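> Mind looking at a prediction? Sequence and model below.
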Amino acid sequence: MYARSQILLPVRASTIIGSFALALFLSFLPWRDLRLVPDFVALVLVFWCVHQPRLVGLGVAWTLGLLADAGNGVLLGQHALAYSVLAFLSVWLSRRILWFGPWLQALHVGAMLLAGQLVVLLVRLAAGDAFPGWPLLVGPIAAALLWPAVSWLLLLPQRRTEREQTI
Amino acid sequence: MEHTPPPFFKRGPAPLVRLFFFASLSLALLVVDARFRYADGMRSWFALAAYPIQRAATLPLEIGERVAAYFSTQARLVEENAELRAKALAYSRDAQRFEAVQAEAGDLRRLIEASERLQVQAAPAEVIYAGRDPYAHRVFINRGATQGVRAGSPVVDETGVLGQVTRVHPLLSEVTLLSNPDQAIPVQVVRNGLRTVAFGGGASGMLELRYISDTAEIQNGDRLVTSGIDGTYPPGLPVASVVRIERDSEQAFARVVCKPAAGVERGRYVLVLSHDELRPPLPTEAQAGKERRAEKSRRARKEAAKEREVDVR
């Protein structure tokens, strides 16, 4: 398997919680045009659903979605729905994705994030909002481009040091 | 004989079942929130949970500003100080004149027996956070129910009306900006007193006047202020100025685009006005009053009848 060329250490719960808190922090930063900013929470969620499908799944996704909804002051449940769909897709595809190299993984992730964005868009259109324009697609694409860096960073606490590897 | 799988195969319900469960839960929440507004208590709890992270996310900006303020040069401070002094002088002169004019206006209003205008209370607040959602034109301010903010209060900045408080959480509240397509504000053209309603223009950040007849007297550069007839916004606050008028002889209404006076998309310090006293009694209350009166008269009639009975005896 590509991503598991070395045996990783077991993941710590604090790493998962810390990464979600950091993602929420990044998404709450006062950005100028929010359509162009990747959804960090969704990206980290996909990462953990792909790498730890037994620990992070739909329940976590739904709770995070509600936090994002309440924090952003939008209709309660739209991000919860989108993140649930996203978590389902990533748990479902988790065995497949990890066989690919980082950029092919990013392609999968981009498609999933676009699906999540589509769910939000459909909910908003059903609630009677206007279409916010095509820059909406920039966020998921930017997030997909960030995927290799994010997965390298989030796997860092699980890697062994050089000395441990040689033993 | 029943065989149960060993515990390490147990992974709960299938993912598809879970997706179905959580999706229907979310959809139910969406409907409840959008149509009936029952979910506000739950929203407050989640907003409270997200509050520390939100506050932390605005910290870098604040720290940056503080550092920048620390390193601002002496010359600039002196210059700014002089500027502010001049401004304060001008304002104090205006304030004195305003007091005199207000007293005069009060006298005149008493003369024509109009109801007196009440003082509007203002509380300062800071915009801590712009909503991430590109569909909703909302900002969050750092005052909530514990500081006495109530839903429906108008929010202004130093140049004009910014929007209205639409949701109040314990420590912060949400302000819907005028540019939100669902937001409407009653306005009046300063030049000729033409009354109309301005609607949010959505993504453009502009305001729009709908249902202005093709022949109405309105022109580029006209200033719009709140008319105050809805009882929510105090009258006379600057709202917008007209920037473009599209008249089409084939349509009954002209399309008028206005630029908001306040920094709807910028600015950090705002005032929350408390408007409770401004509101005229609601029709339902008036109805209730009428009923009470009717009941009173009924009771009076009954008592009179009783007295008559006593008299007969």
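Sure thing, it's come through.
> In the stretch 201-313 of chain B, what residue lies closest to chain A?
Closest residue of the stretch 201-313 of chain B to chain A, Cβ to the nearest Cβ: B:Gly202 (5.4 Å). Just so you know, the C-beta spots here come from the backbone N, C-alpha and C atoms, and that holds for glycine as well.
> That residue reaches B:Ser179, doesn't it?
Yes - the criterion here is Cβ atoms under 8 Å, and B:Gly202 meets it with B:Ser179 at 6.9 Å.
> which neighbours do the two share?
Listed as contacting both B:Gly202 and B:Ser179 by Cβ atoms under 8 Å, 6 or more residues apart in numbering or on different chains are B:His137.
> Which of the helices and strands in the chain ranks last by mean pLDDT?
Chain wasn't specified; assuming chain A. Counting by mean pLDDT, DSSP states H and E, chain A has its least confident helix or strand at helix A:162-166, which shows a mean of 66.
> Remind me which helix or strand the residue nearest to A:Gly73 when sequence neighbours are not counted belongs to.
Excluding the flanking residues, the one nearest A:Gly73 by Cβ to Cβ, 6 or more residues apart in numbering or on different chains is B:Glu174, at 4.7 Å. Assigned by DSSP states H and E, B:Glu174 belongs to strand B:173-177.
> Now do the buried residues in whichever strand or helix holds B:Val127.
According to DSSP H and E, B:Val127 maps onto strand B:121-130. Going by neighbour count (16 or more other Cβ atoms under 10 Å in any protein chain shown), the buried part of strand B:121-130 is B:Ala122, B:Ala125, B:Val127, B:Ile128, B:Tyr129, B:Ala130.
> Same check on stretch B:177-189?
For stretch B:177-189, by 16+ other Cβ under 10 Å, it's B:Leu177, B:Leu178, B:Ser179, B:Asn180, B:Pro181, B:Gln183, B:Ala184, B:Ile185, B:Pro186, B:Val187, B:Gln188, B:Val189.
> Same check on stretch A:14-28?
For stretch A:14-28, burial by neighbour count (16+ other Cβ under 10 Å) applies to A:Thr15, A:Ile16, A:Ser19, A:Phe20, A:Ala23, A:Leu24, A:Phe25, A:Leu26, A:Ser27, A:Phe28.
> In a markdown table, list the residues you listed along with pLDDT, distance to chain B and secondary structure.
As requested, the buried residues of stretch A:14-28 are exported to a markdown table (pLDDT from 0 to 100; distance: Cβ to the nearest Cβ, whole Å; DSSP: H, G, I helix; E, B strand; the rest coil):
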| residue | pLDDT | distance to chain B | secondary structure |
| --- | --- | --- | --- |
| A:Thr15 | 91 | 17 | helix |
| A:Ile16 | 92 | 16 | helix |
| A:Ser19 | 93 | 13 | helix |
| A:Phe20 | 92 | 10 | helix |
| A:Ala23 | 92 | 10 | helix |
| A:Leu24 | 89 | 5 | helix |
| A:Phe25 | 88 | 5 | helix |
| A:Leu26 | 87 | 8 | helix |
| A:Ser27 | 84 | 6 | helix |
| A:Phe28 | 81 | 4 | helix |
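> Quick check: of those, which lies closest to B:Glu83?
A:Phe28 (34.8 Å; Cβ to Cβ).
> got a pLDDT number for A:Leu146?
On the pLDDT scale, A:Leu146 is placed at 93.
> what does the one 3 residues further on give?
Here the pLDDT value assigned to A:Ala149 is 93.
> Assign it to helix, strand or coil.
Here A:Ala149 is recorded as helix under DSSP: H, G, I helix; E, B strand; the rest coil.
> So it versus A:Leu155, what's the distance?
Distance, A:Ala149 to A:Leu155, using Cβ to Cβ, to the nearest Å: 11 Å.
> who has more neighbours, the two?
A:Leu155 (16 against 11; other Cβ atoms under 10 Å in any protein chain shown).
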